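1. have a look at this prediction, sequence included:
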Amino acid sequence: MDERLHGLLARFPDADRLLAASRDLRRRGLTRLDAYSPHPVEGLDQALGLSERRVPVIALVCAVVVGAGALALQVYASLDYPFNVGGRPVLSWPAYTIVTFAMTMVGATLGAMLSMLWLNGFPRPYHPLFNVAEFDAASRDGYFLCLEASDPLFDAERLREHLLQNGAVSIQEVPA
């Protein structure tokens, strides 16, 4: 692996060719690749092998923990400092439902947001792809596939041939 090379960046004319190239390269065993497009491409996450379910699981765990914590705090406060209001029992669960529900939603939202940021590696003010002049088209009309040099199966010459066979319009080396 060349230490001065981040990888190869291939541009494709449309989303269908980007999707086909992603599937082909994953079938060949490459794991360190990422796609960039100006709009969501259906099926691209499966083609890249990104169909993980970590964010929903983390959000669920945070919702349960924060909701249980809110309920426990209310029960503790009722037992530690009991009020006899209108003859209701000391532990009156209907009074706890609104706060428990609201805190459960807050926990789920914060868990989903923070886990998404953490798993995506944000914030990242710099990325080696910013050094490629053509990459600014990724937010307008460009469809790009980046093959990282850190992949164990990375071979620049062999991958260039595969990318050209899959319809790449241009292929550029990305400096590290």
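-> Arrived safely.
2. tell me the buried residues in the host helix or strand of Arg26?
-> Arg26 belongs to helix 15-27 when assigned by DSSP states H and E. Neighbour-count burial for helix 15-27 flags Ala15, Arg17, Leu18, Leu19, Ala21, Ser22, Arg23, Leu25 (criterion: 16 or more other CB atoms under 10 Å). For the C-beta atoms, the positions are set from N, CA and C on the backbone; glycine is no exception.
3. okay, now the sheet partners of the helix or strand just after that helix, with direction.
-> Downstream of helix 15-27, the next assigned helix or strand under DSSP H and E is strand 33-36. Looking at strand 33-36 with DSSP bridges, its partner strands are strand 143-148 (antiparallel).
4. show the average pLDDT along the strand it pairs with.
-> Strand 143-148 shows a mean pLDDT of 93.
5. before we move on, back to that, just give me the closest of the buried residues of helix 15-27 to Leu79.
-> Ser22 (57.1 Å; CB to CB).
6. re the thing from before, with the buried residues of helix 15-27 in mind, which one is nearest to Leu153?
-> Using CB to CB, the buried residues of helix 15-27 come closest to Leu153 at Leu25, 9.4 Å.
7. what sits against the closest one?
-> Neighbour list for Leu25: Leu33, Leu145, Leu147, Leu159, His162, Asn166 [criterion: CB atoms under 8 Å, 6 or more residues apart in numbering].
8. state the mean pLDDT of the helix holding Arg26.
-> On average, helix 15-27 scores 93.
9. dump the buried residues of helix 15-27 into TSV; add distance to Phe154 as well.
-> Formatted as TSV, the buried residues of helix 15-27 follow (distance: CB to CB, whole Å):
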residue	distance to Phe154
Ala15	24
Arg17	21
Leu18	19
Leu19	21
Ala21	15
Ser22	16
Arg23	18
Leu25	11
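10. could you say what helices and strands the lowest-mean-pLDDT helix or strand in the chain packs with?
-> Here the helix or strand of the chain ranked lowest by mean pLDDT, DSSP states H and E is helix 44-47, holding a mean of 88. Packing contacts for helix 44-47, counted by 3 or more CB pairs under 8 Å, 6 or more residues apart in numbering; DSSP states H and E, involve helix 15-27.
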